[in-house]
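> dropping the sequence and predicted coords here.
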Amino acid sequence: MPFPTLKDRFAALIAAPSVSCTQAALDQSNSEVIHLLANWLTDLGFACDIRQVSTGKFNLLATFGSGPGGLVLAGHSDTVPYDEKLWNTDPLRLTEVDGRWIGLGSCDMKGFFALIIEAVRPLLSQPFHQPLMILATCDEESSMAGAKALVEQGAPLGRAAVIGEPTGLRPIRLHKGVMMERIDILGRSGHSSDPSLGHSALEAMHAVMGELMSLRQDWQGRYQNAQFGVPQPTLNLGCIHGGDNPNRICGQCSLEFDLRPLPGMDPEALREAIRERLRPLAERHQVRIDYQPLFSEVPPFEEPADSELVMVAEKLTGHRAEAVAFGTEAPYLQQLGCQTIVLGPGDIACAHQPGEFLEMSRLAPTLRLLQTLVEHYCLRPPQA
């Protein structure tokens with residue numbers, strides 16, 4: 001049976017549903033994607049190691065060649081949820097329109113794996129002096145569970161890692177962290193005609209929001225990084241729920257917010273600063289305040305500007321390494337000893353959107369870039 005073409009592989013990956021979501025009703029296994037990749041890579045001579053992370057969730061590490069060093073080409077196998085009614089095409093079917101390949105995961109980022117395979121196939125007959133590793137993780141779009149499991153296992157990877165998130169083929173060496181947090185306030189309900197009958201959780205939350213916005217102003221005054229399009233850390237008050245009727249003192253209220261720290265800002269130090277602001281509010285309003293992360297944070301990421309990988313990527317792409325506001329698995333691969341950058345063919349502006357696409361004009365440049373990276377890190381004899 002002939003090996004599937006690039007377009008056939010691309011289509012098969014898009015057709016394999018792999019939504020990861022914090023809502024259990026929308027969450028799906030990534031098993032089909034992982035086994036598609038493993039079957040293709042096994043046929044090409046890669047040694048494939050599939051590790052279960054949780055029920056229905058898997059990581060794949062496929063290796064060609066052996067020894068220390070080498071290159072990791074990495075990405076996540078999951079997608080965000082989708083609303084089919086908002087798409088003009090079937091999101092799980094590859095559709096070609098006006099020079100674009102359209103489908104869920106085409107840009108972010110299952111399509112990257114089809115391109116990796118296309119790039120490396122002509123190179124596999126050459127001697128590999130250092131290994132090539134292809135890494136596909138689970139649940140990047142929700143909990144980062146796949147990348148965190150790799151860190152917990154602690155096995156070193158290659159000396160360089162390229163994550164194919166959508167960057168428009170521009171190398172990224174910095175991104176902000178991602179913290180998603182929740183504050184719950186338990187007051188005491190009572191009849192609204194007499195405020196002394198209760199302790200309003202909603203009024204206490206009003207004070208909490210004021211403290212959060214005060215902290216945001218303080219942090220934005222203290223921390224700046226001009227390499228980012230939004231040079232300050234951000235704090236977004238995302239959603240609030242509280243109370244049940246106008247004539248009852250609100251007994252419960254919850255707030256969820258998103259905090260994006262810059263490199264150099266310690267997430268736990270930020271949490272402690274928030275806790276310090278919350279403690280006197282609980283006493284003043286006679287309520288109980290519980291503050292917890294919704295998920296463990298994605299740390300800020302920074303790869304040094306003078307690292308070999310950054311300089312190689314800048315030379316190959318003709319672009320200086322940049323910074324982005326969105327989070328990736330890069331800090332986790334760094335923790336495993338890899339010089340790491342984010343560099344992929346898609347555009348972030350169409351990620352997580354109906355009609356997600358990859359420009360076909362990006363296919364050939366991506367293949368050339370990947371082949372040159374493999375030649376540099378795997379086919380050349382290591383320096384003595």
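Cool, got the structure.

> now do L36 against E203, distance only.
54 Å (CB to CB, to the nearest Å). All C-beta spots, glycine's among them, are computed from the backbone N, C-alpha and C.

> compare the two and say which is more crowded by neighbours.
Set side by side, L36 and E203 show more neighbours around L36, with 22 against 18, by other CB atoms under 10 Å.

> for the more buried one, give me its contacts.
9, 12-13, 16 (CB atoms under 8 Å, 6 or more residues apart in numbering).

> what are the phi and psi values at the residue nearest the centre of the chain?
For the chain, the residue nearest the mean C-alpha position is T328 (3.5 Å; CA atoms, centre = their mean). With angles defined as degrees, to the nearest 10, T328 sits at phi -140, psi -180.

> surely it and I163 touch.
Yes - in terms of CB atoms under 8 Å, T328 counts as a neighbour of I163; the distance is 5.7 Å.

> overlap in contacts of the two?
By CB under 8 Å, 6+ apart, the residues touching both T328 and I163 are V342.

> before we move on, the earlier item: which of the contacts of L36 are buried? Put it as a PyMOL command.
Those of the contacts of L36 that count as buried under 16 or more other CB atoms under 10 Å are selected in PyMOL with:
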select buried, resi 9+12+13+16
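
> okay, A384: pLDDT?
We have a pLDDT of 50 for A384.

> list the contacts of V298.
By CB under 8 Å, 6+ apart, the neighbours of V298 are 144, 177-179, 327-328, 331.

> just to revisit the earlier point, what's the spacing between the residue nearest to the centre of the chain and A149?
Taking CB to CB, one finds T328 at 16 Å from A149.

> skipping adjacent residues, who's closest to N247 in space?
Closest residue to N247 apart from its sequence neighbours, by CB to CB, 6 or more residues apart in numbering: S192 at 4.6 Å.

> state the helix or strand in which F113 lies.
Assessed by DSSP states H and E, F113 sits inside helix 111-120.

> what does L235 give?
Counting by DSSP H and E, L235 is part of strand 234-242.

> with H35 instead?
Assigned by DSSP H and E, H35 falls in helix 31-43.

> residues contacting the helix or strand just after that helix, please?
Sequence order places strand 47-54 as the next helix or strand after helix 31-43, per DSSP H and E. For strand 47-54, the external contacting residues (CB under 8 Å, 6+ apart) are 34-35, 38, 41-42, 58-64, 138-139, 145-146, 149, 153.

> which of the residues you listed are buried? Put it as a PyMOL command.
In PyMOL, this line selects whichever of the contacts of strand 47-54 come out buried by 16+ other CB under 10 Å:
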select buried, resi 34+38+41+58+59+60+61+62+63+64+138+139+145+146+149
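
> what about the contacts of V298, which are in strands?
M179 (DSSP state E).

> R121: which of the contacts of V298 is nearest?
T328 (26.4 Å; CB to CB).

> how close does that closest one get to V342?
Look at T328 and V342: by CB to CB, they are 5 Å apart.

> list residues touching both of these two?
163, 165, 175.

> ok, of those, which one's closest to Q353?
Using CB to CB, E165 comes nearest to Q353 of those, at 15.1 Å.

> give me the pLDDT for the closest one.
For E165, the predicted pLDDT is 98.

> kindly report the same for S142.
89.

> again, but for the one 3 residues further on
Looking at A145, its pLDDT is 95.

> cool, and the one 10 residues further on?
In the prediction, the pLDDT value recorded for A155 is 82.

> quick one: it and L336 touch, right?
Yes - between A155 and L336 there is a contact at 7.5 Å, judged by CB under 8 Å.
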